[in-house]
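# okay, here's the prediction I keep looking at, along with the sequence it came from:
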Amino acid sequence: MITKDILGNRIKRRMAAGMLVLTLSVQSVAGIMPWVENDRSAEAATASYQEDEYSSEISDYIEAEMNMQLRAYFSGSNGKKAKMTKSTDPEYKTKITFYLDPAKVGDLDVNTMLGYLYELIGSNPNFCTMSTSIIWNRYSGEFSVNSVVAKSKQAESITEYKSFLADVERVPLQAEGMSDIEILLYLHDTMLQQADYAKNISDKSIYVPYYMSKTGRVVCQSYAAVLNNLMRDLGFTCYILTSESHEWNMVKLDGKWTCIDPTWDDPSGNQRDNVLHENFLVKLSSFKTMHSVEKFIEYRYKKITSKAENAFATLPKSDKLSHPVCYKSGIWFYADGGILYRWDGVSKKADIEEAVPEDYMRCVAVLDGVVYIGGTDGIFTYDPESHVMENIKSNVECSGLFYFGKTLYYQEYGEWKVCAVTSTPYADYEELNGTINAIRVNLEVPTKPTVKVVKSSAKSIRVTVTKRSVGATGSYQIQYSTDPDFSYNNRKKTVQGLTASLTGLTKGVKYYVRVRGINKQDEYLMKYGTWSKVKSV
């Protein structure tokens, strides 16, 4: 949510990879991207910090609280954490409950909280399994969200989704000299190759971002959330816009708000490799009445209808090209009208790739850095430097190529088949994006301490730790009771240091005492250790 922090992570990542280019961007004129011939560096590193006028303390608080409580749950923390139970709604599997401070979120009604949840699902990938089915108690601060994923599969599913994001993000993060527009183009086209608009709208899973990584079959709600996750990870300031029946994205580019509708750029049907660019970096008004933002959006992003009125030119045939553009080592490839084109990412004109013969079924894709070319003449790998085509499937007529889940598929006579599978492991999401959203934190369990317990007066006991608890962060919990099993009349006291006094006890009564160390990182991440031997006085 905090753009400056995200940008800092992006700069650190580029520095770590030796790719930070400290050049000033060439500013656009009248909202049109400048075409710079043979000078990729002029458009590099344009994501300088820009103020987010829609930053919200409430939104930031809700995201941070939910994120930390979720991490605490997955880490087995004894501190403040989320709670997971079986959902009482038969359409969902899990109910995830968070505890918010009513004083910090204010008197928000359920529709406003739902609006914030829409926003946060597109901001934090740890929320990727959550549905927009909620229960909100504004008096107690209890906030419950339903999920289509089983309780036992939550951590695994979030990790799977993050791997999906990292697989898309690693190329622009590691590419040298990609402009912001190129990065957005890469995210847009790569994501849409892996998405397939769902036909069964009664299936609750299609509204959840995680299912784009699992099946690819989702609807606009997930398209917008996934693209927002990707853009934020790459350092962009962006949000999800909603109407009564649709969701799309707005992003700040060169200090100006513009819109992307990934759903409308993904034609339905069997042509999984079709990607349009008619709704990429366009004015909000270009959607006309089909994209009328709802009341919460108007309230949350004040005057958005007047601010998101900027368009940016991208491809040489941006509003006509119906196939994805594919990136490899500073070069973009796309097929159009049976011809393969090579584009440098900034010039007005793309060049025909003369070494690749024209074919009315010509198509192109990139999988793990390898360029694949298809057509009626078969499927080839292609080396852009030597211009050599190597036929890998000669007895097929390939009418399309698309990439999903480490696998490249080709279409032949209307049927999609496996062309190639990469053995390269998924990129590590936390390694690419930092560990602030890591769902697991390894909390060391403090060892058993040794203690000495003596009466210091008729009504008080002095407790001393004689052997420290390894792993404890300076604090201990003392439990004392008149019952040797601590099943009743027991009290607990948390202390700092190695000595403490228990006062206000009953004269002449025998007490049982035990102590354990506490590994406390913060109020969320905390682990109790093993109890010491029970002492009686």
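The structure has been received and is ready for your questions. Remember, it's a predicted structure, so these values are computed and weren't measured experimentally.
# apart from its neighbours in sequence, what residue is nearest Pro357?
Distances taken as CB to CB, 6 or more residues apart in numbering place Asp377 nearest to Pro357, at 7.3 Å, with adjacent residues excluded. For the C-beta atoms, the positions are set from N, CA and C on the backbone; glycine is no exception.
# please list all residues in contact with that neighbour.
Shown in contact with Asp377 (CB atoms under 8 Å, 6 or more residues apart in numbering): Pro357, Asp359, Asn391.
# out of those, the closest to Tyr372 would be?
Using CB to CB, Asn391 is the member of the contacts of Asp377 that sits closest to Tyr372, with 11.3 Å.
# identify the bridge partners of that closest one.
Going by DSSP bridges, Asn391 is paired in beta bridges with Phe380.
# and Tyr99, by the same measure?
Beta-bridge partners of Tyr99, as defined by DSSP bridges: Glu142.
# now Glu415: phi and psi?
phi -110, psi 140 (degrees, to the nearest 10).
# for the chain, which helix is longest?
Longest helix in the chain, counting residues (DSSP state H): helix 154-174.
# which strands or helices does that one pack on?
For helix 154-174, the contact count by 3 or more CB pairs under 8 Å, 6 or more residues apart in numbering; DSSP states H and E identifies helix 3-16, helix 180-193, helix 210-214, helix 220-233, helix 429-433 as packing neighbours.
# mean confidence for the third one?
Taken as a whole, helix 210-214 carries a mean pLDDT of 94.
# wait, Lys104 touches Asp60, no?
No. The criterion here is CB atoms under 8 Å, and Lys104 misses it with Asp60 at 10.3 Å.
# can you select the buried ones from the contacts of Asp377 in PyMOL?
Applying 16 or more other CB atoms under 10 Å to the contacts of Asp377, the buried members can be selected in PyMOL as follows:
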select buried, resi 359
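# list the residues that contact Asp483.
With contacts defined as CB under 8 Å, 6+ apart, the neighbours of Asp483 are Asn489, Asn490, Tyr512.
# nope, Lys204 is what I was after
Taking CB under 8 Å, 6+ apart, one finds Glu91, Tyr92, Ser131, Val148 in contact with Lys204.
# rerun at 10 Å
When contacts are counted by CB atoms under 10 Å, 6 or more residues apart in numbering, Lys204 is found next to Asp89, Glu91, Tyr92, Lys93, Ser131, Thr132, Ser133, Asn146, Ser147, Val148, Tyr211.
# now Lys507: phi and psi?
phi -70, psi 140.
# again with Tyr61
The main-chain torsion angles of Tyr61 are listed as degrees, to the nearest 10 and equal phi -60, psi -50.
# kindly report the same for Ser460.
Note on Ser460: backbone dihedrals following degrees, to the nearest 10 are phi -150, psi 150.
# test my guess that it contacts Leu502.
Yes. Counting by CB atoms under 10 Å, Leu502 is a contact partner of Ser460 at 6.3 Å.
# okay, these two: which has more neighbours?
Regarding Ser460 and Leu502, a neighbour count based on other CB atoms under 10 Å identifies Leu502 as having more, with 21 against 12.
# now that one. Nearest residue, chain neighbours left out?
Excluding its sequence neighbours, the residue lying closest to Leu502 (CB to CB, 6+ apart) is Ile461, at 4.4 Å.
# do you have the strands of the stretch 251-400 of the chain handy? List them.
Applying DSSP state E, counting those that start in this stretch to the stretch 251-400 of the chain gives strands spanning 256-260, 280-282, 326-328, 331-336, 339-343, 351-352, 363-367, 370-375, 378-383, 388-393, 400-404.
# quick one: low-confidence parts of the stretch 1-150 of the chain?
Across the stretch 1-150 of the chain, the ranges flagged by pLDDT under 70 are 1-49.
# which residue is nearest the centroid of the chain?
If you average the C-alpha coordinates of the chain and look for the closest C-alpha using CA atoms, centre = their mean, you land on Pro125, 2.9 Å from that point.
# ok, now which ones touch the residue nearest to Leu502?
By CB under 10 Å, 6+ apart, Ile461 lies in contact with 453-455, 478, 480, 500-503, 505, 511, 513, 535, 537.
# let's see it at 8 Å
For Ile461, the contact set (CB under 8 Å, 6+ apart) comprises Val453, Val454, Lys455, Tyr480, Ser501, Leu502, Leu505, Tyr511, Val513, Val537.
# so which other helices or strands are in contact with the host helix or strand of the fifth one?
Okay, so that is Ser501. Ser501 belongs to strand 499-502 when assigned by DSSP states H and E. Other helices and strands packing on strand 499-502, by 3+ CB pairs under 8 Å, 6+ apart, are strand 460-467, strand 475-481.
# hey, which of these is tucked in deepest?
Ranked by average neighbour count under the criterion mean count of other CB atoms under 10 Å, the helices and strands packed on strand 499-502 are headed by strand 475-481 at a mean of 20.
# let me see the residues that make contact with the helix or strand just after it.
Going down the chain from strand 475-481, the next helix or strand is strand 490-496, by DSSP H and E. Applying CB under 8 Å, 6+ apart, the contact partners of strand 490-496 are Gly474, Ser475, Tyr476, Gln477, Ile478, Gln479, Tyr480, Ser481, Asp483, Ala500, Leu502, Ile518.
# Asn229 reaches Pro209, doesn't it?
Yes. Using CB under 8 Å, Asn229 makes contact with Pro209 at a distance of 6.9 Å.
# any common contacting residues for these two?
Residues touching both Asn229 and Pro209 by CB under 8 Å, 6+ apart: Gly122, Pro125, Cys128.
# so the second one touches Ser163, yeah?
No. Taking contacts as CB under 8 Å, Pro125 lies outside contact range of Ser163: 10.3 Å.
# please pick the buried ones from the contacts of Asp483.
Tyr512.
# could I get the contacts of Asp483 as TSV with pLDDT and distance to Leu321?
Rendered in TSV, the data for the contacts of Asp483 read as follows (pLDDT from 0 to 100; distance: CB to CB, whole Å):
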residue	pLDDT	distance to Leu321
Asn489	88	76
Asn490	91	71
Tyr512	97	77
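# Ala311: which of the contacts of Asp483 is nearest?
Checking those against Ala311 by CB to CB gives Asn490 as the nearest, at 68.0 Å.
# any idea what the closest one is bridged to?
Each beta-bridge partner of Asn490 is listed here: Ser481, as defined by DSSP bridges.
# quick one: it from Tyr480, how far?
Summarising the geometry, the distance separating Asn490 from Tyr480, computed by CB to CB, to the nearest Å, is 7 Å.
# cool, Ser157 as well?
Taking CB to CB as the criterion, Ser157 is separated from Tyr480 by 43 Å.
# and Ser133, that's in a strand?
Yes. Assignment of Ser133 by DSSP: H, G, I helix; E, B strand; the rest coil places it within a strand.
# wouldn't it be in contact with Ile121 here?
No. Between Ser133 and Ile121 no contact is recorded; they are 12.0 Å apart, counting by CB under 8 Å.
# comparing those two, which shows the higher neighbour count?
Ile121 (28 against 19).
# now do the same contact list for the more buried one.
The neighbourhood of Ile121, defined by CB under 8 Å, 6+ apart, consists of Phe127, Cys128, Met130, Thr132, Pro209, Ala225.
# again, only using 7 Å
Phe127, Met130, Pro209, Ala225 (CB atoms under 7 Å, 6 or more residues apart in numbering).
# how close does it sit to Leu401?
When distance is defined by CB to CB, Ile121 is 31 Å away from Leu401.
# tally of neighbours for the residue nearest to Trp343 when sequence neighbours are not counted?
Counting by CB to CB, 6+ apart, the nearest residue to Trp343 once its immediate chain neighbours are dropped is Ala350, at 3.9 Å. The local packing of Ala350 (other CB under 10 Å) involves 22 other residues.
# ok, now which ones touch Ala350?
With contacts taken as CB under 7 Å, 6+ apart, Ala350 has the following neighbours: Pro316, Tyr341, Arg342, Trp343.
# next, count neighbours for the third one.
It refers to Arg342. Applying other CB under 10 Å, we find 16 residues neighbouring Arg342.
# likewise for Gly177?
When counting by other CB under 10 Å, one arrives at 18 neighbours for Gly177.
# look up how far Glu169 lies from it.
The value you get for Gly177 to Glu169, if CB to CB is used, is 17 Å.
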